[in-house]
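Novice: Quick one, what's the 3D model for this:
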Amino acid sequence: MASNSKLQKQSDLDSPQAAIARREQDSAAADSPKLDSTAVTNWTPETERVNRVEKKVFSLEDGNIRGGHWILNKEGKSATIAFLFKNSSGRIYGLTVGHLEELNEPLFVFLRSEPTVGVSYNNDTDLEEYEVYEVGEVVSKDEDTDSLLFEVTREDVKDRFDLLQLAPESGLGDRTLALPTPTLGPLPPQQGTEYWMYGAFTRGARLIVSSPTQDDPSEGETNLFPSDIGFGHWNDPKLRISQNGDCGALYLESPSGRPLAVHHVSARYHREESEKPDAFEGFGTPVSLIMAKHPEQFDKEMFGAILRGSSGENNAKQSESDTSVHHSGQVAKKFESRQFKYFDVKLFKGNIRDASRRPTASGPPTAAEREASLSSRKDATRTESRQLAYFNVSVSKAK
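Specialist: The predicted model follows:
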(Lines give C-alpha, C1' and ligand atoms only; values in the text may rest on other atoms or scores of the structure.)
Protein backbone atom coordinates (compact mmCIF):
# COMPACT_ATOMS: atom_id res chain seq x y z
CA MET A 1 0.00 0.00 0.00
CA ALA A 2 2.83 2.40 0.87
CA SER A 3 4.43 1.66 -2.49
CA ASN A 4 1.22 2.49 -4.33
CA SER A 5 0.93 5.74 -2.36
CA LYS A 6 4.46 6.71 -3.33
CA LEU A 7 3.75 5.92 -6.97
CA GLN A 8 0.61 8.05 -6.81
CA LYS A 9 2.59 10.97 -5.40
CA GLN A 10 5.15 10.65 -8.19
CA SER A 11 2.32 10.47 -10.71
CA ASP A 12 0.95 13.71 -9.31
CA LEU A 13 4.32 15.34 -9.74
CA ASP A 14 4.58 14.14 -13.34
CA SER A 15 1.05 15.23 -14.26
CA PRO A 16 0.41 17.96 -16.84
CA GLN A 17 -1.02 20.15 -14.10
CA ALA A 18 2.19 19.81 -12.08
CA ALA A 19 4.29 20.61 -15.13
CA ILE A 20 2.24 23.74 -15.75
CA ALA A 21 2.57 24.77 -12.12
CA ARG A 22 6.34 24.30 -12.21
CA ARG A 23 6.63 26.34 -15.40
CA GLU A 24 4.60 29.10 -13.78
CA GLN A 25 6.87 29.03 -10.72
CA ASP A 26 10.02 29.09 -12.84
CA SER A 27 8.65 31.95 -14.94
CA ALA A 28 7.71 33.95 -11.85
CA ALA A 29 11.15 33.41 -10.38
CA ALA A 30 12.84 34.54 -13.59
CA ASP A 31 10.76 37.71 -13.74
CA SER A 32 11.00 38.50 -10.03
CA PRO A 33 13.02 41.40 -8.65
CA LYS A 34 16.27 40.49 -6.93
CA LEU A 35 17.11 40.99 -3.29
CA ASP A 36 19.61 43.75 -2.65
CA SER A 37 22.11 41.90 -0.49
CA THR A 38 23.46 45.16 0.91
CA ALA A 39 20.07 45.79 2.55
CA VAL A 40 20.59 42.73 4.72
CA THR A 41 23.57 44.40 6.37
CA ASN A 42 21.27 47.24 7.48
CA TRP A 43 18.79 44.97 9.23
CA THR A 44 18.83 44.91 13.01
CA PRO A 45 21.45 42.39 14.18
CA GLU A 46 19.85 39.08 15.14
CA THR A 47 21.07 39.24 18.73
CA GLU A 48 19.31 42.59 19.15
CA ARG A 49 16.19 41.53 17.26
CA VAL A 50 15.51 38.69 19.69
CA ASN A 51 15.39 41.16 22.58
CA ARG A 52 13.70 44.02 20.75
CA VAL A 53 10.85 45.60 22.70
CA GLU A 54 10.27 48.96 21.01
CA LYS A 55 7.35 49.49 18.67
CA LYS A 56 8.61 51.13 15.50
CA VAL A 57 5.68 52.72 13.69
CA PHE A 58 5.50 53.64 10.01
CA SER A 59 2.67 56.08 9.37
CA LEU A 60 1.12 58.23 6.66
CA GLU A 61 3.38 61.00 7.96
CA ASP A 62 6.40 58.96 6.84
CA GLY A 63 5.21 58.15 3.32
CA ASN A 64 3.02 55.75 1.40
CA ILE A 65 1.91 52.46 2.93
CA ARG A 66 3.36 49.25 1.48
CA GLY A 67 3.66 45.55 2.21
CA GLY A 68 5.64 45.04 5.40
CA HIS A 69 3.87 47.91 7.17
CA TRP A 70 1.25 47.74 9.94
CA ILE A 71 -2.50 47.26 9.55
CA LEU A 72 -4.77 47.52 12.62
CA ASN A 73 -8.32 47.02 13.78
CA LYS A 74 -10.20 49.49 15.95
CA GLU A 75 -9.01 47.88 19.19
CA GLY A 76 -5.34 48.34 18.29
CA LYS A 77 -4.76 44.70 17.35
CA SER A 78 -2.24 44.74 14.55
CA ALA A 79 -0.55 42.60 11.91
CA THR A 80 1.62 43.00 8.82
CA ILE A 81 0.33 43.85 5.34
CA ALA A 82 1.63 41.20 2.93
CA PHE A 83 1.12 43.41 -0.14
CA LEU A 84 -1.39 45.70 -1.83
CA PHE A 85 -2.70 45.28 -5.36
CA LYS A 86 -5.27 46.47 -7.88
CA ASN A 87 -7.43 44.11 -9.94
CA SER A 88 -9.06 44.58 -13.33
CA SER A 89 -11.94 46.55 -11.82
CA GLY A 90 -9.50 49.18 -10.55
CA ARG A 91 -10.23 48.45 -6.89
CA ILE A 92 -7.35 48.45 -4.40
CA TYR A 93 -6.97 45.55 -1.97
CA GLY A 94 -4.56 44.54 0.75
CA LEU A 95 -3.70 41.03 1.94
CA THR A 96 -3.05 40.05 5.56
CA VAL A 97 -3.89 37.23 8.01
CA GLY A 98 -7.49 36.17 8.51
CA HIS A 99 -7.36 36.09 12.32
CA LEU A 100 -6.87 39.86 12.48
CA GLU A 101 -10.54 40.81 12.00
CA GLU A 102 -13.99 39.72 10.82
CA LEU A 103 -15.83 40.47 7.56
CA ASN A 104 -17.15 44.01 7.02
CA GLU A 105 -15.11 45.41 9.90
CA PRO A 106 -13.00 48.56 9.37
CA LEU A 107 -9.20 48.50 9.27
CA PHE A 108 -6.72 51.29 9.95
CA VAL A 109 -3.17 52.48 9.34
CA PHE A 110 -1.08 54.74 11.54
CA LEU A 111 -1.72 58.41 10.92
CA ARG A 112 1.28 59.61 12.91
CA SER A 113 4.54 57.97 13.92
CA GLU A 114 4.70 59.41 17.42
CA PRO A 115 2.04 58.83 20.06
CA THR A 116 0.11 61.53 21.84
CA VAL A 117 0.07 61.54 25.62
CA GLY A 118 -3.20 61.11 27.48
CA VAL A 119 -4.27 59.97 30.94
CA SER A 120 -4.10 56.29 31.81
CA TYR A 121 -7.10 54.30 32.98
CA ASN A 122 -6.19 54.65 36.65
CA ASN A 123 -5.46 58.39 36.13
CA ASP A 124 -2.03 58.25 37.73
CA THR A 125 0.28 57.66 34.77
CA ASP A 126 0.60 58.96 31.22
CA LEU A 127 -0.88 56.88 28.42
CA GLU A 128 0.70 56.97 24.96
CA GLU A 129 -1.89 56.61 22.21
CA TYR A 130 -1.26 56.31 18.49
CA GLU A 131 -3.65 58.04 16.11
CA VAL A 132 -4.90 55.75 13.38
CA TYR A 133 -6.85 56.45 10.22
CA GLU A 134 -9.60 54.28 8.76
CA VAL A 135 -8.77 53.26 5.20
CA GLY A 136 -11.24 50.51 4.33
CA GLU A 137 -12.89 47.30 5.45
CA VAL A 138 -12.53 43.52 5.29
CA VAL A 139 -14.26 42.26 2.14
CA SER A 140 -13.11 38.63 1.87
CA LYS A 141 -11.97 35.93 4.32
CA ASP A 142 -10.88 32.33 3.83
CA GLU A 143 -10.58 30.04 6.87
CA ASP A 144 -8.65 27.34 4.97
CA THR A 145 -5.72 29.69 4.37
CA ASP A 146 -6.18 32.03 7.37
CA SER A 147 -6.24 34.98 5.00
CA LEU A 148 -8.28 38.12 4.52
CA LEU A 149 -8.47 40.90 1.97
CA PHE A 150 -9.40 44.46 2.84
CA GLU A 151 -10.47 47.00 0.25
CA VAL A 152 -9.16 50.56 0.41
CA THR A 153 -12.42 52.48 0.17
CA ARG A 154 -11.43 55.93 1.42
CA GLU A 155 -10.99 58.11 -1.65
CA ASP A 156 -8.74 60.57 0.17
CA VAL A 157 -6.03 57.94 0.77
CA LYS A 158 -6.19 55.71 -2.32
CA ASP A 159 -3.07 57.38 -3.69
CA ARG A 160 -1.22 56.70 -0.42
CA PHE A 161 -0.75 52.97 -1.06
CA ASP A 162 2.11 51.61 -3.19
CA LEU A 163 0.90 48.55 -5.08
CA LEU A 164 2.93 45.31 -5.14
CA GLN A 165 5.83 46.94 -3.32
CA LEU A 166 7.45 46.17 0.01
CA ALA A 167 9.01 48.56 2.50
CA PRO A 168 12.26 49.85 0.95
CA GLU A 169 14.28 48.42 3.84
CA SER A 170 13.13 44.92 2.89
CA GLY A 171 15.80 44.69 0.22
CA LEU A 172 13.53 45.13 -2.81
CA GLY A 173 13.64 48.93 -2.85
CA ASP A 174 11.01 50.25 -5.28
CA ARG A 175 10.87 47.10 -7.35
CA THR A 176 7.51 45.41 -8.00
CA LEU A 177 6.60 41.97 -6.68
CA ALA A 178 5.96 39.29 -9.31
CA LEU A 179 2.97 37.32 -8.06
CA PRO A 180 2.45 33.66 -8.99
CA THR A 181 -0.60 32.37 -10.84
CA PRO A 182 -3.50 31.40 -8.52
CA THR A 183 -3.09 27.66 -7.90
CA LEU A 184 -5.00 25.00 -5.98
CA GLY A 185 -2.57 22.43 -4.61
CA PRO A 186 0.68 24.37 -5.23
CA LEU A 187 3.93 22.43 -5.23
CA PRO A 188 6.02 22.79 -2.06
CA PRO A 189 9.54 24.26 -2.19
CA GLN A 190 12.76 22.33 -1.77
CA GLN A 191 13.88 21.85 1.79
CA GLY A 192 16.87 24.00 2.73
CA THR A 193 16.04 26.70 0.16
CA GLU A 194 16.96 30.13 1.48
CA TYR A 195 14.25 32.73 2.05
CA TRP A 196 13.84 36.00 3.88
CA MET A 197 10.92 37.66 5.61
CA TYR A 198 10.19 41.32 6.34
CA GLY A 199 7.53 41.78 9.03
CA ALA A 200 6.27 45.02 10.55
CA PHE A 201 7.99 44.20 13.83
CA THR A 202 10.92 41.92 12.95
CA ARG A 203 11.93 44.00 9.90
CA GLY A 204 14.21 41.47 8.24
CA ALA A 205 15.03 37.81 8.90
CA ARG A 206 17.13 35.31 6.93
CA LEU A 207 15.57 31.81 6.84
CA ILE A 208 15.55 28.38 5.23
CA VAL A 209 12.71 25.99 4.43
CA SER A 210 12.61 23.50 7.30
CA SER A 211 9.43 21.52 6.52
CA PRO A 212 8.03 21.91 2.98
CA THR A 213 4.63 20.42 3.92
CA GLN A 214 2.89 19.25 7.07
CA ASP A 215 2.52 15.48 7.56
CA ASP A 216 -0.85 15.41 9.30
CA PRO A 217 -1.93 18.75 10.81
CA SER A 218 -5.28 17.19 11.70
CA GLU A 219 -3.69 15.28 14.59
CA GLY A 220 -4.46 17.15 17.80
CA GLU A 221 -5.34 20.81 18.15
CA THR A 222 -3.49 22.93 15.63
CA ASN A 223 -3.71 26.09 13.54
CA LEU A 224 -1.69 24.57 10.71
CA PHE A 225 -2.87 23.47 7.27
CA PRO A 226 -1.52 20.60 5.12
CA SER A 227 -0.21 23.13 2.59
CA ASP A 228 1.67 25.19 5.21
CA ILE A 229 5.40 25.62 4.71
CA GLY A 230 7.72 25.68 7.73
CA PHE A 231 10.72 28.00 8.01
CA GLY A 232 13.57 28.08 10.48
CA HIS A 233 16.58 30.29 11.11
CA TRP A 234 19.18 29.87 8.37
CA ASN A 235 21.98 29.02 10.80
CA ASP A 236 20.63 28.33 14.29
CA PRO A 237 17.17 26.75 14.79
CA LYS A 238 17.16 27.96 18.40
CA LEU A 239 16.84 31.58 17.28
CA ARG A 240 13.35 33.05 17.02
CA ILE A 241 12.56 34.16 13.45
CA SER A 242 9.46 36.27 14.10
CA GLN A 243 7.85 38.45 16.75
CA ASN A 244 4.42 39.69 17.80
CA GLY A 245 2.88 41.54 14.88
CA ASP A 246 4.70 39.68 12.09
CA CYS A 247 1.66 37.62 11.04
CA GLY A 248 0.90 38.62 7.46
CA ALA A 249 4.55 39.03 6.45
CA LEU A 250 5.73 37.55 3.16
CA TYR A 251 8.30 34.79 2.87
CA LEU A 252 10.38 35.63 -0.22
CA GLU A 253 12.86 33.45 -2.03
CA SER A 254 16.48 34.56 -1.99
CA PRO A 255 17.81 36.03 -4.15
CA SER A 256 14.89 36.04 -6.64
CA GLY A 257 12.48 37.96 -4.41
CA ARG A 258 9.63 35.64 -5.47
CA PRO A 259 6.84 35.66 -2.83
CA LEU A 260 6.13 32.14 -1.65
CA ALA A 261 3.97 32.26 1.48
CA VAL A 262 2.27 34.47 4.08
CA HIS A 263 3.30 33.98 7.72
CA HIS A 264 0.40 33.10 10.04
CA VAL A 265 1.61 30.80 12.85
CA SER A 266 4.80 30.37 14.83
CA ALA A 267 5.85 27.37 16.92
CA ARG A 268 8.44 26.57 19.53
CA TYR A 269 9.68 23.11 20.50
CA HIS A 270 10.54 22.05 24.05
CA ARG A 271 12.05 18.83 25.35
CA GLU A 272 10.56 17.57 28.59
CA GLU A 273 13.69 18.39 30.59
CA SER A 274 14.37 21.75 28.95
CA GLU A 275 13.09 25.13 30.14
CA LYS A 276 14.23 26.93 26.99
CA PRO A 277 12.99 26.09 23.48
CA ASP A 278 15.12 23.72 21.41
CA ALA A 279 13.93 25.31 18.19
CA PHE A 280 11.58 27.83 16.61
CA GLU A 281 9.65 27.47 13.36
CA GLY A 282 7.40 29.83 11.43
CA PHE A 283 4.65 28.67 9.08
CA GLY A 284 3.21 30.31 6.00
CA THR A 285 0.37 29.54 3.60
CA PRO A 286 1.33 29.59 -0.12
CA VAL A 287 0.52 32.89 -1.83
CA SER A 288 -0.70 31.11 -4.98
CA LEU A 289 -3.23 29.13 -2.90
CA ILE A 290 -4.45 32.25 -1.10
CA MET A 291 -4.96 33.94 -4.47
CA ALA A 292 -7.00 30.97 -5.69
CA LYS A 293 -9.21 31.20 -2.58
CA HIS A 294 -10.13 34.83 -3.31
CA PRO A 295 -11.08 34.65 -7.01
CA GLU A 296 -13.24 37.77 -7.01
CA GLN A 297 -10.37 40.02 -5.95
CA PHE A 298 -7.53 38.10 -7.69
CA ASP A 299 -9.60 37.92 -10.87
CA LYS A 300 -8.55 35.93 -13.91
CA GLU A 301 -8.55 39.02 -16.14
CA MET A 302 -5.63 40.41 -14.16
CA PHE A 303 -3.98 37.35 -12.57
CA GLY A 304 -4.90 34.45 -14.85
CA ALA A 305 -7.19 31.44 -14.53
CA ILE A 306 -6.79 29.25 -11.46
CA LEU A 307 -4.46 26.27 -11.98
CA ARG A 308 -5.21 22.89 -10.43
CA GLY A 309 -1.58 22.33 -9.41
CA SER A 310 -0.57 19.05 -7.78
CA SER A 311 -1.60 17.32 -4.58
CA GLY A 312 1.65 15.40 -4.31
CA GLU A 313 4.61 16.06 -2.03
CA ASN A 314 8.08 16.67 -3.35
CA ASN A 315 11.04 14.39 -2.91
CA ALA A 316 12.69 16.75 -0.50
CA LYS A 317 9.85 16.21 1.95
CA GLN A 318 10.02 12.43 1.57
CA SER A 319 13.73 12.43 2.44
CA GLU A 320 13.66 15.11 5.09
CA SER A 321 17.04 15.55 6.80
CA ASP A 322 17.70 14.98 10.48
CA THR A 323 18.80 18.59 10.91
CA SER A 324 15.37 20.06 10.23
CA VAL A 325 13.26 21.79 12.84
CA HIS A 326 10.56 19.21 12.16
CA HIS A 327 12.94 16.51 13.40
CA SER A 328 13.22 18.41 16.67
CA GLY A 329 9.44 18.42 16.84
CA GLN A 330 9.40 14.59 16.86
CA VAL A 331 11.28 14.52 20.18
CA ALA A 332 9.91 17.68 21.73
CA LYS A 333 6.58 19.23 22.68
CA LYS A 334 5.29 21.72 20.15
CA PHE A 335 3.65 24.98 21.20
CA GLU A 336 1.96 26.99 18.47
CA SER A 337 1.39 30.70 18.80
CA ARG A 338 -0.64 33.44 17.16
CA GLN A 339 1.31 36.34 18.57
CA PHE A 340 -0.88 39.41 18.63
CA LYS A 341 0.54 42.83 19.32
CA TYR A 342 -1.56 45.59 20.81
CA PHE A 343 -1.18 49.34 20.53
CA ASP A 344 -3.18 51.89 22.51
CA VAL A 345 -4.96 53.71 19.72
CA LYS A 346 -7.11 56.75 19.15
CA LEU A 347 -9.34 57.04 16.09
CA PHE A 348 -8.70 60.26 14.17
CA LYS A 349 -11.92 62.06 13.32
CA GLY A 350 -11.98 63.91 10.05
CA ASN A 351 -10.55 63.89 6.55
CA ILE A 352 -6.90 63.18 5.77
CA ARG A 353 -6.58 66.85 4.74
CA ASP A 354 -7.29 67.80 8.34
CA ALA A 355 -4.43 65.66 9.59
CA SER A 356 -1.83 68.38 8.91
CA ARG A 357 -3.27 70.17 11.93
CA ARG A 358 -2.30 68.05 14.89
CA PRO A 359 -5.31 67.93 17.22
CA THR A 360 -5.06 69.19 20.79
CA ALA A 361 -5.41 66.88 23.76
CA SER A 362 -9.02 65.97 24.38
CA GLY A 363 -8.64 65.39 28.12
CA PRO A 364 -8.96 62.18 30.12
CA PRO A 365 -11.23 59.41 28.82
CA THR A 366 -14.80 59.28 30.03
CA ALA A 367 -15.98 56.47 32.30
CA ALA A 368 -17.74 54.80 29.36
CA GLU A 369 -14.63 55.05 27.17
CA ARG A 370 -12.47 53.68 29.96
CA GLU A 371 -14.82 50.72 30.52
CA ALA A 372 -15.03 49.92 26.78
CA SER A 373 -11.25 49.96 26.44
CA LEU A 374 -10.73 47.76 29.50
CA SER A 375 -13.33 45.32 28.17
CA SER A 376 -11.56 45.02 24.81
CA ARG A 377 -8.24 44.44 26.58
CA LYS A 378 -9.73 41.60 28.64
CA ASP A 379 -10.98 39.99 25.44
CA ALA A 380 -7.50 40.30 23.96
CA THR A 381 -5.75 38.23 26.66
CA ARG A 382 -5.25 34.72 25.33
CA THR A 383 -2.75 31.91 25.41
CA GLU A 384 -2.62 31.18 21.70
CA SER A 385 -0.23 33.38 19.80
CA ARG A 386 -0.60 34.07 16.12
CA GLN A 387 1.72 36.94 15.48
CA LEU A 388 -0.38 40.09 15.52
CA ALA A 389 0.43 43.30 17.33
CA TYR A 390 -1.68 45.78 19.26
CA PHE A 391 -1.15 49.54 19.40
CA ASN A 392 -3.03 52.23 21.28
CA VAL A 393 -4.82 53.86 18.34
CA SER A 394 -7.38 56.51 17.42
CA VAL A 395 -9.63 56.22 14.34
CA SER A 396 -10.28 58.86 11.67
CA LYS A 397 -13.67 59.03 10.00
CA ALA A 398 -14.88 61.30 7.21
CA LYS A 399 -17.09 64.21 8.16
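Novice: V209: what's it in contact with?
Specialist: V209 makes contact with 189-193, 195, 229-231, according to C-beta atoms under 8 Å, 6 or more residues apart in numbering. Yep, even glycine has a C-beta here, placed from its N, CA and C like the rest.
Novice: residues contacting the nearest residue to Y198 once chain neighbours are set aside?
Specialist: Setting aside the residues directly before and after it, Y198 is nearest to S170 in space (C-beta to C-beta, 6 or more residues apart in numbering), at 3.8 Å. Shown in contact with S170 (C-beta under 8 Å, 6+ apart): 39, 67-68, 198, 204.
Novice: Sort out for me which of those are in strands.
Specialist: Assigned to strands by DSSP state E, the following of the contacts of S170 qualify: G67.
Novice: Show the buried residues in the contacts of V209.
Specialist: 189, 191, 193, 195, 229-231 (16 or more other C-beta atoms under 10 Å).
Novice: a markdown table please, covering those residues and showing pLDDT, secondary structure and distance to E155.
Specialist: Below are these laid out as a markdown table (pLDDT from 0 to 100; DSSP: H, G, I helix; E, B strand; the rest coil; distance: C-beta to C-beta, whole Å):
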| residue | pLDDT | secondary structure | distance to E155 |
| --- | --- | --- | --- |
| P189 | 93 | coil | 40 |
| Q191 | 92 | coil | 47 |
| T193 | 91 | coil | 42 |
| Y195 | 92 | strand | 37 |
| I229 | 95 | strand | 38 |
| G230 | 94 | strand | 41 |
| F231 | 95 | strand | 38 |
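Novice: Any idea how many residues pack against E102?
Specialist: When neighbours are defined as other C-beta atoms under 10 Å, E102 has 11 of them.
Novice: Can you verify my assumption that it contacts S140?
Specialist: No - between E102 and S140 there is no contact under C-beta atoms under 8 Å: 11.7 Å.
Novice: any idea how far F225 is from W234?
Specialist: In this view, F225 and W234 are 24 Å apart by C-beta to C-beta, to the nearest Å.
Novice: actually V139, not the one I typed
Specialist: For V139, the distance to W234 - C-beta to C-beta - is 36 Å.
Novice: Looking at the contacts of V209, which one is closest to D162?
Specialist: Y195 (22.3 Å; C-beta to C-beta).
Novice: Now for the closest one: which residues touch it?
Specialist: Neighbour list for Y195: 207-209, 231, 251-254, 260 [criterion: C-beta under 8 Å, 6+ apart].
Novice: which one of these has the most neighbours?
Specialist: Neighbour count (other C-beta under 10 Å) singles out F231 as the most crowded of the contacts of Y195, with 29 neighbours.
Novice: Which residue, other than its chain neighbours, is closest to that one?
Specialist: F231 sits nearest to L207 (C-beta to C-beta, 6+ apart), 4.4 Å away.
Novice: what helix or strand is that neighbour on?
Specialist: In this assignment (DSSP states H and E), L207 forms part of strand 205-211.
Novice: Partner strands of that strand and their direction?
Specialist: Using DSSP bridges, strand 205-211 pairs in its sheet with strand 194-197 (antiparallel), strand 229-233 (antiparallel).
Novice: Need the contact partners of the last one.
Specialist: Strand 229-233 has contacts (C-beta under 8 Å, 6+ apart) with 188-189, 195, 197, 205-214, 239-241, 251, 260-261, 279-286, 324-326.
Novice: List the buried residues of whichever helix or strand E137 is part of.
Specialist: Using DSSP H and E, the element containing E137 is strand 126-142. Residues of strand 126-142 classed as buried: 127, 129-142 (neighbour count, 16+ other C-beta under 10 Å).
Novice: Listing partners with orientation, what would you give for the next helix or strand after it?
Specialist: Remark: after strand 126-142, the chain's next helix or strand is strand 147-152, criterion DSSP H and E. Sheet pairing here is set by DSSP bridges, and for strand 147-152 it gives strand 92-97 (antiparallel), strand 126-142 (antiparallel).
Novice: want to throw those strands into JSON lines with mean pLDDT and distance to L148?
Specialist: Shown next, in JSON lines, are those (pLDDT from 0 to 100; distance: least, C-beta to C-beta, whole Å):
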{"stretch": "strand 92-97", "mean pLDDT": "98", "distance to L148": "6"}
{"stretch": "strand 126-142", "mean pLDDT": "92", "distance to L148": "5"}
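Novice: Including distance to L177, could these go into TSV?
Specialist: Rendered in TSV, the data for the strands paired with strand 147-152 read as follows (distance: least, C-beta to C-beta, whole Å):
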stretch	distance to L177
strand 92-97	11
strand 126-142	19
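Novice: and of those strands, who's closest to G245?
Specialist: strand 92-97 (10.7 Å).
Novice: quick one: the helix or strand following the closest one to strand 147-152, angle?
Specialist: Remark: after strand 92-97, the chain's next helix or strand is strand 106-110, criterion DSSP H and E. Here strand 106-110 points in a direction 80 degrees away from that of strand 147-152 (axes from the mean of the first three to the mean of the last three C-alpha atoms, to 10 degrees).
Novice: what's around K86, how many residues?
Specialist: Neighbour tally, K86, other C-beta under 10 Å: 16.
Novice: gap between the closest residue to L149 other than its chain neighbours and F150?
Specialist: In this structure, L149 finds its nearest non-sequential neighbour in S140, 4.3 Å apart by C-beta to C-beta, 6+ apart. The gap separating S140 from F150 is 9 Å, by C-beta to C-beta.
Novice: Likewise for H294?
Specialist: 11 Å.
Novice: higher neighbour count, the two?
Specialist: F150 (26 against 21).
Novice: per-residue pLDDT, the more buried one?
Specialist: The score at F150 is 98. That number is its pLDDT.
Novice: That one is in contact with L107, isn't it?
Specialist: Yes - using C-beta under 8 Å, F150 is in contact with L107, at 4.8 Å.
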